[in-house]
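Chemist: no sequence on hand, only this structure:
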């Protein structure tokens, strides 16, 4: 990926299916923090250093739980019983890559459909240019992330009509307007949505497309993700 | 950019404003070939090797002609008087980067709005997965390239209704359907379109949005771009 210049920007990292949604669910369920890690090895090593009983190892590869880990990447697994008070060490395919790319930003928040409305004031109060960073897959944008970015764009423009937006935000907003009345259906039919549905994660898609179901806004602080 | 796996694919490199459009214009005007080069230095060096009188140095930086070059990146400059029988050494910001990324493909063609309809049989006859590679800018998709990819997607699906398309192609097609009745206006208002209009290149935008005005399909052969 070419340098995108995130220094000084307010960045929302969007990975609707499923890292962003799971991070919101985990903090809402009382997790102490989430530490995103780029590899299984890094996560396992840190678990030993921190003490296995204080952490929850979670993450997915190709949609499924990593062997030997406690949890996968399904938001429904992040229950109070599983995560309250714990440090979550999370190795995910896309989410952690996106967080790594956003280093140097003024603010890094985690965005998804379930926390979109709560996220907007956190982004706008930073008084910086806002970047809606769609995680996607292998450099390609995913429809579900684009729909979330479009919803955020609409919410921001409703509040700040004079805000300038670029081609990507305009495309995202147009796609959101086209699909807003049937978000769950649109995401089920998307590339990654249909892949996850095939693996049996249909309820994750239903959960992830409940717009504004949560008021939790995860933000990055010193390499950890905590509730803002 | 992560590995996108172009090996064995039929790739259309799309840079509507303006490399792809200019390449089509140049071949239509009788240029012998276009050799894409990543840097000004490479282009200048090759011009000396090949003999300054047999080549035309062309390319832009930030929208304008490179100092000491013969032509910029405006399709209107590529007239028979300027290019007939010549080898064009082209250093462009995005186009050449995209061509470089598409190395290893089964077919690399150059696509834009003005040659979309002529391009489709060249892509489909390759009997391979088709990749519509939007050049964009700094890793971000540009609206004008998305509109072109959307038009190509529509043309391909009209002919092959059973063809499977991904999220990106669906988004592109939706955007094309939304803007097809006013393509020139939409591109004028896009990020790069409004930038170029500000530099005085409004006629380039009008030229570049004349869908199917040309039947020339540039393809890559041995590092050179020639008419198919």
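Modeler: Happy to help now that I have it. The structure displayed is predicted, hence computed values, not measured ones.

Chemist: and the longest helix anywhere in chain A, what does it pack against?
Modeler: The helix that spans the most residues within chain A, counting by DSSP state H, is helix A:143-159. Applying 3 or more Cβ pairs under 8 Å, 6 or more residues apart in numbering or on different chains; DSSP states H and E, we find helix A:143-159 packed against strand A:10-14, helix A:116-124, strand A:130-134, helix A:167-179, helix A:183-188, helix A:191-198, helix B:167-179. Yep, even glycine has a C-beta here, placed from its N, CA and C like the rest.

Chemist: what comes up buried for the fifth one?
Modeler: When you say that, I think you mean helix A:183-188. Buried positions in helix A:183-188, judged by neighbour count with 16 or more other Cβ atoms under 10 Å in any protein chain shown: A:183-184, A:186-188.

Chemist: give me the low-pLDDT residue ranges for chain A?
Modeler: For chain A, the stretches with pLDDT under 70 are A:1-4, A:93-98, A:139.

Chemist: need the longest strand for it.
Modeler: Using DSSP state E to define each element, chain A has its longest strand at strand A:55-61.

Chemist: and that strand, which residues are buried?
Modeler: So for strand A:55-61, counting by 16+ other Cβ under 10 Å, buried means A:55-60.

Chemist: go on, stretch A:24-43?
Modeler: Within stretch A:24-43, the residues scored as buried using 16+ other Cβ under 10 Å are A:24-37, A:40, A:43.

Chemist: ok, and does that stretch reach over to chain B?
Modeler: No: Stretch A:24-43 does not reach chain B (Cβ under 8 Å from any Cβ of the partner chain); its nearest approach is 13.2 Å.

Chemist: same question for stretch A:56-74.
Modeler: No: Stretch A:56-74 lies out of reach of chain B by Cβ under 8 Å from any Cβ, never closer than 15.6 Å.

Chemist: what's the span of that stretch, first residue to last?
Modeler: Length of stretch A:56-74, first residue to last, Cα to Cα, to the nearest Å: 14 Å.

Chemist: out of the buried residues of stretch A:24-43, which are inside helices?
Modeler: Cross-referencing the buried residues of stretch A:24-43 against helices under DSSP H gives A:24-28, A:40, A:43.

Chemist: just name the most buried of the helices and strands packed on helix A:143-159.
Modeler: The highest average neighbour count among those, using mean count of other Cβ atoms under 10 Å in any protein chain shown, belongs to strand A:10-14 at a mean of 29.

Chemist: just want the angle from it to strand A:130-134.
Modeler: 20 degrees (axes from the mean of the first three to the mean of the last three Cα atoms, to 10 degrees).

Chemist: okay, how far is it across stretch A:127-146, tip to tip?
Modeler: Terminal residues of stretch A:127-146 are spaced 23 Å apart (Cα to Cα).

Chemist: and what of stretch A:5-23?
Modeler: One end of stretch A:5-23 to the other measures 25 Å (Cα to Cα).

Chemist: coming back round to it: between the buried residues of strand A:55-61, which is nearest chain B?
Modeler: The closest of these to chain B turns out to be residue A:60 (Cβ to the nearest Cβ; 17.7 Å).

Chemist: skip the chain neighbours and tell me the closest residue to the closest one.
Modeler: residue A:73 (3.7 Å; Cβ to Cβ, 6 or more residues apart in numbering or on different chains).

Chemist: wait, what's in contact with the one you found?
Modeler: A:18-19, A:22, A:58-60, A:63, A:65, A:92 (Cβ atoms under 8 Å, 6 or more residues apart in numbering or on different chains).

Chemist: that one sits in which helix or strand?
Modeler: Using DSSP states H and E, residue A:73 sits in no helix or strand.

Chemist: so how far is chain B from it?
Modeler: Between residue A:73 and chain B the computed distance is 19 Å (Cβ to the nearest Cβ, to the nearest Å).

Chemist: could you do residue A:105 as well?
Modeler: 16 Å.

Chemist: for that residue, give me its contacts.
Modeler: Neighbouring residues of residue A:105 by Cβ under 8 Å, 6+ apart: A:6-11, A:131.

Chemist: and the gap between residue A:141 and residue A:192?
Modeler: 11 Å (Cβ to Cβ, to the nearest Å).

Chemist: so what sits against both of those two?
Modeler: What both residue A:141 and residue A:192 touch, as defined by Cβ under 8 Å, 6+ apart, is the set residue B:167.

Chemist: run the chain-centre distance for the longest strand of chain A.
Modeler: 15 Å (Cα atoms, centre = their mean, to the nearest Å).

Chemist: and stretch A:40-54, by the same measure?
Modeler: Centroid displacement of stretch A:40-54 relative to its chain, using Cα atoms, centre = their mean, is 22 Å.

Chemist: other residues contacting that stretch?
Modeler: For stretch A:40-54, the surrounding residues in contact (Cβ under 8 Å, 6+ apart) are A:35, A:37, A:55, A:57, A:59, A:61, A:66, A:68-69, A:86-87, A:89-91.

Chemist: element containing residue A:45?
Modeler: Residue-wise, residue A:45 maps onto helix A:40-50 under DSSP H and E.

Chemist: assign the residue lying farthest from the centre of chain A to helix, strand or coil.
Modeler: Within chain A, residue A:162 marks the point farthest from the mean C-alpha position, 27.2 Å out by Cα atoms, centre = their mean. Judged by DSSP: H, G, I helix; E, B strand; the rest coil, the three-state class of residue A:162 is coil.

Chemist: pick the one among the ones in helices among the buried residues of stretch A:24-43 closest to residue A:178.
Modeler: residue A:24 (25.0 Å; Cβ to Cβ).

Chemist: so the closest one sits against residue A:114, correct?
Modeler: Yes: here residue A:24 reaches residue A:114: they are 5.8 Å apart, a contact under Cβ atoms under 8 Å.

Chemist: no more questions from me, cheers.
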